[in-house]
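Engineer: Okay, predicted coordinates and the sequence, questions at the end:
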Amino acid sequence: MEMFGIRVQVTACPDYSAVDGFALVPGQRAIVATWVRTEALWQADTTTARAALRGYHEALREVTDQSVMTGPNPEARLRAMAGYLDLDWRWVTRRCRDLGDCGLSNLVRPRSRLVSIEAVDQVLRFLGSLAVV
């Protein structure tokens, strides 16, 4: 999402563990997605219900102050997330660069023709572009 200019907020606060991931277009709609509490591989939906939008907006406002992804740009926010997860940023970005250069199609073959790994390659290339040379 950061790759597409959508600012991401992540909290470690357990109070929000039951809240599904969402993207909010303030006052218009929320796109809600989960792969945790569903019998399917993943589930996505949209809502325009005002009460739901208010709830998502309130959650976003509260989480923004305690997000583990702080920084003025995607690289800074992703670095902060890597730090929170105790991941070596240089290793992650270099590995993503290498995997993005060769692509995952030689390593992974989806079972369904409806599933593509092109987006994964795109994300790998994006993270790889942040690697320190």
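Structural biologist: Received the coordinates, thanks.

Engineer: how many neighbours does Ala30 have?
Structural biologist: 21 (other CB atoms under 10 Å). Quick note: C-beta positions are derived from backbone N, CA and C, even for glycine.

Engineer: Just to be sure, it is in a strand?
Structural biologist: Yes: Ala30: assigned to a strand according to DSSP: H, G, I helix; E, B strand; the rest coil.

Engineer: Helices of the chain, start to end?
Structural biologist: Shown for the chain, the helices assigned by DSSP state H span residues 50-64, 74-84, 89-102, 118-129.

Engineer: Can you report how many residues lie near the residue lying closest to Thr64 once chain neighbours are set aside?
Structural biologist: Of all residues not flanking Thr64 in the chain, Gln9 sits nearest, at 5.5 Å (CB to CB, 6 or more residues apart in numbering). Using other CB under 10 Å, Gln9 has 17 neighbouring residues.

Engineer: Which pLDDT value goes with Gln9?
Structural biologist: Predicted confidence (pLDDT) for Gln9: 92.

Engineer: got it, and Asn106?
Structural biologist: pLDDT recorded at Asn106 is 78.

Engineer: before we move on, what about His57?
Structural biologist: 92.

Engineer: who touches it in this structure?
Structural biologist: Leu24, Pro26 (CB atoms under 8 Å, 6 or more residues apart in numbering).

Engineer: sorry, back to before: so the residue nearest to Thr64 versus Arg109, what's the distance?
Structural biologist: 34 Å (CB to CB, to the nearest Å).

Engineer: Could you do Asp20 as well?
Structural biologist: Applying CB to CB to Asp20 and Arg109 gives a distance of 29 Å.

Engineer: can you check Asp65 too?
Structural biologist: 43 Å.

Engineer: how much space is there between the nearest residue to Cys96 once chain neighbours are set aside and Val36?
Structural biologist: In space, and not counting its chain neighbours, Cys96 is closest to Leu127: 3.8 Å by CB to CB, 6+ apart. Leu127 is 23 Å from Val36, where distance means CB to CB.

Engineer: Nothing else from me, thank you.
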